[in-house]
Each structure stands twice: as structure tokens, then as C-alpha cells.
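K.L.:
Need a 3D model of the following:
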Amino acid sequence: MRNNLILTGIEEDNTTGNEPPAVTETKLRAFLKEKLKLASDAVDAMRLERVHRSPSHPVTGKVRSVVVKFAFFKDREEVRRQWPELKGSPYNVFEQFPPEIQEKRRRLVPKMKEAKRGGKKAWIAYDTLYIDGRPVSQ
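P.N.:
Now for the predicted structure:
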């Protein structure tokens with residue numbers, strides 16, 4: 001999961017039942033160029049090991065997330081760093097974490113928001129909350 005990103009809001013064509021991975025990859029590359037404003041040649045050069053919709057059955061009217069496994073961490077980070085381009089749009093980019101890490105991060109978010117409201121600099125890195133540059137013990 002280290003090289004995976006999850007992108008939400010990318011339109012899905014499930015009129016034939018399930019969108020083929022090749023179609024999903026084509027839509028993803030277009031999304032990277034148009035919405036994230038990455039250079040066309042950089043997007044074309046990215047090696048993607050796997051691109052697929054989140055594992056569930058397609059539902060009319062709902063768009064499943066796209067899970068992308070990048071061959072190179074550098075490419076993944078280039079895409080991840082462009083997330084501010086999506087501010088105010090229906091799209092989003094997330095890192096993929098194992099379920100136990102997701103649960104730990106979910107518990108840390110309220111503490112992070114509280115610290116930010118208090119005027120402190122706070123962020124979560126993997127499964128650790130940092131406030132004013134110091135890790136906070138659980």
C-alpha cells in the first residue's frame with residue numbers, strides 16, 4: 001500500500017456492468033492532466049502497476065473511488081503533492097493505509113483539529129500526531 005493513492009470523484013462508466021481497468025486508467029491519466037494540472041509528458045511517462053475501482057459492485061448514481069498503485073514512489077508523491085489544485089472541487093486524493101492505521105488516524109483527527117483551533121501547528125504523519133513539531137503520545 002506504500003505506493004497507492006485513492007482518488008475520489010472520477011466519473012465511472014458502469015453502463016456495461018463494470019468499467020474495465022484500461023478505461024479507468026485512461027480516465028485517470030486525463031484527470032491527472034486536466035484537474036491536477038500535471039505536465040502531459042510527465043503523466044504519460046508514469047508507470048502504473050494497477051488501476052482499478054474500489055472493490056464493490058457498481059451502483060447507479062454512485063461513483064466508486066479509483067485505487068492507483070504506482071511503480072515508483074516519486075510519481076506517487078508528485079501526484080499527492082498536487083492535491084491543493086482540487087480545493088473546492090468534488091475530487092480528492094488520499095493515501096491508502098491498512099485498516100488499523102486508518103482507525104488510529106481517525107482517532108487522532110479530533111485532537112489535531114483541537115490543537116489547530118488553539119493556534120498550534122498540528123499534522124498527522126502515518127499514525128503519529130505532531131503538535132508544534134513534537135510527537136504526541138497516545
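K.L.:
Now do the strands in this structure.
P.N.:
All strands of the chain, identified by DSSP state E, fall at 4-8, 48-53, 66-70, 92-95, 122-125, 128-131, 134-135.
K.L.:
And the pLDDT for the most far-flung residue of the chain relative to its centre?
P.N.:
If you look at how far each residue of the chain sits from its centre, by C-alpha atoms, centre = their mean, the farthest one is G118, at 28.0 Å. What the model reports as pLDDT for G118 is 94.
K.L.:
For it, give me its contacts.
P.N.:
Contacts of G118 were listed using C-beta atoms under 8 Å, 6 or more residues apart in numbering, and none were found. (C-beta placed from N, C-alpha, C; glycine too.)
K.L.:
Check R53 too.
P.N.:
R53 makes contacts with E12, N18, E19, T24, R64, S65, V66, V67, as judged by C-beta under 8 Å, 6+ apart.
K.L.:
and if we set it to 7 Å?
P.N.:
Contact partners of R53, counting by C-beta atoms under 7 Å, 6 or more residues apart in numbering, are E12, E19, T24, R64, V66.
K.L.:
would you turn those residues into CSV with distance to R134?
P.N.:
Listed next are the contacts of R53 as CSV, based on distance: C-beta to C-beta, whole Å:
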residue, distance to R134
E12, 43
E19, 45
T24, 41
R64, 39
V66, 36
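K.L.:
what sits up against stretch 73-83?
P.N.:
The contact list for stretch 73-83 (C-beta under 7 Å, 6+ apart) reads N3, L5, L32, L36, K37, L38, M46, F70, V93, E95.
K.L.:
Isn't the last one up against L5?
P.N.:
Yes. Applying C-beta atoms under 7 Å, one finds E95 in contact with L5, separated by 6.3 Å.
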